[in-house]
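J.: here is a sequence together with a model predicted from it:
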Amino acid sequence: MLVDAADTPSDAVEASSGNAKISRLTQDAIFKLAQSGNAEAQYRLAIMYDAGRGVAQDKKQAVYWYRKAAEQNHSMAQNDLAVMYGSGKGIARDEKQAVFWYRKAAEQGNALAQKNLGAMYYDGKGVAQDDAQAIFWWSKAAELGNAIAQSNLGIMYRDGQGVARDYAQAAFWFSKAADQGHAAAQSNLGYMYKEGQGVARDDAQAIFWLRKAAEQGNAAAQNNLASMYDVGQGVAQDKKQAAFWYRKAAEQGDAAAQRNLGYMYKRGDGIAQDNTHAVFWLRKAADQGNDDVQSYLGYMYDIGDGVAPDMQQAAYWYRKAAEQGVAAAQNNLGAMYYDGRGVAQDYAQAASWYRKAAEQGYSIAQKNLGFMYKKGLGVAQDKQQAIQWYTKAAAQNDNPEIRRQAQLGLRELQ
């Protein structure tokens, strides 16, 4: 089954929440305080206009009052004014101004603004893209307890993006965020326990954290939890539970889970065998670019395995996988061109695709390419090239019948 580690850093920006003491005042009292220059009241009034709480929603008025408070160095107002500039709500979108105000708040130690400024550097919005600066600001926010920044740092350390790869640091920051209930961090931490990355492998901990994330709806965690039920890793093997969690993730569009659920339907593994459902989910995964599923769909349509034979569909899916470098698909697409099945017969195209697979060490393609050189089909006849490719195929032990055919081809050339 396919398992996956989750995602890229979150680039979502967040607005702040207001002061509880001010929020308990009446609307008139807040308005009077705001007009008198009270920064916290100005900020609270901005939130009221922003969200339409107690007043008609008015984004322009929200911007006006956020700015009043921001100009008095109210860090939350500076963050939220930056959000308005970044989203173009109540004011013309201006990412440079968003960065300006995020920086003002971040330099005052506002963790939310530090996280948001890091996201701007990560995405290159309003500033030149700079992973090092993203890490700098996320580190500050993470130290102050911002869970998203902690999770983002974990991803950067895990992937070695903008910093030397360090699985131990990745696990440390994922753990910090996971303890705060951050679903993506829980998923990533569970995966690290599953694979023993940065922490001692611990299937029980993997299950614990993957379940936490899965129950929050994290698709990657649902797929990985399913994979552990599928093989009985850290938990009693339970194909029905595997299918249950694969479906949860598949319905959210997780390509790995769609693939895994499709194969379960194809095999009738933990679920009633159903070719229609198998093809449905496999196509979902294939449409998202899953190359081994694309190759398998080509095979299903080629031989009529669970579907009506359809050579054009076979060629279509073989090509999708072949273009991603799947050797079996490259060989099979070559065979389609050789036979003229689903495509116009074209020996040159057949030889070209055989070569791509043969150069990856695929023995069937090596034997086929040797035959093309032997007969001069799609390539200039060349005995030495034929011997070379037959020899490569004959030296492999993965397929006795192909080895026998290659040896026969060699004897015929001697």
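T.: Okay, I see it.
J.: and stretch 97-107, which residues are buried?
T.: Judged by neighbour count (16 or more other CB atoms under 10 Å), stretch 97-107 contains these buried residues: Q97, A98, V99, F100, W101, Y102, R103, K104, A105, A106. All C-beta atoms are positioned from the backbone trio N, CA, C, and that covers glycine.
J.: how about that stretch as CSV, C-alpha atoms only?
T.: Extracted C-alpha coordinates of stretch 97-107, given in CSV (Å, rounded to 0.1, in the frame of the first residue of the first chain):
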residue,chain,number,x,y,z
GLN,A,97,2.1,46.9,2.8
ALA,A,98,1.1,43.6,4.3
VAL,A,99,4.7,42.7,4.9
PHE,A,100,5.4,46.2,6.3
TRP,A,101,2.7,45.8,8.9
TYR,A,102,3.5,42.2,9.7
ARG,A,103,7.0,43.2,10.3
LYS,A,104,5.9,46.1,12.6
ALA,A,105,4.0,43.6,14.8
ALA,A,106,6.6,40.8,14.5
GLU,A,107,9.3,43.1,15.8
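J.: so what touches that stretch?
T.: For stretch 97-107, the surrounding residues in contact (CB atoms under 8 Å, 6 or more residues apart in numbering) are 70, 73, 75-76, 78-79, 81-83, 85-86, 112-114, 116-117, 120, 125-127, 137, 140.
J.: so for it, mean pLDDT?
T.: Stretch 97-107 shows a mean pLDDT of 98.
J.: stretch 213-225 now?
T.: Averaged across stretch 213-225, the pLDDT comes to 98.
J.: then stretch 149-162?
T.: Averaging pLDDT along stretch 149-162 yields 97.
J.: please apply the same query to stretch 348-364.
T.: Stretch 348-364 comes out at a mean pLDDT of 97.
J.: for stretch 172-182, same thing?
T.: Averaging pLDDT residue by residue across stretch 172-182 gives 98.
J.: again with stretch 231-242
T.: Mean pLDDT, stretch 231-242: 96.
J.: what are the buried residues along stretch 61-79?
T.: Using 16+ other CB under 10 Å as the test for burial, stretch 61-79 gives 61-70, 74-79.
J.: should've said stretch 357-368
T.: Under 16+ other CB under 10 Å, the buried positions of stretch 357-368 are A357, A358, Y362, S363, I364, A365, Q366, K367, N368.
J.: which residues are in contact with it?
T.: Residues outside stretch 357-368 that contact it (CB under 8 Å, 6+ apart) are 325, 327-328, 330-331, 334-335, 338, 350, 353-356, 369, 389-390, 392-393, 396, 398-399, 402-403, 405-406, 409.
J.: show me the residues you listed that map onto strands.
T.: Using DSSP state E, no member of the contacts of stretch 357-368 sits in strands.
J.: ends of stretch 100-117, how far apart?
T.: One end of stretch 100-117 sits 9 Å from the other (CA to CA, to the nearest Å).
J.: how far away from the center of its chain is it?
T.: In terms of CA atoms, centre = their mean, to the nearest Å, the centre of stretch 100-117 is set 28 Å apart from its chain centre.
J.: so for whichever strand or helix holds N188, what gets flagged as buried?
T.: Here N188, judged by DSSP states H and E, is contained in helix 183-195. Within helix 183-195, the residues that count as buried by 16+ other CB under 10 Å are A183, A184, A185, Q186, S187, N188, L189, G190, Y191, M192, Y193, K194.
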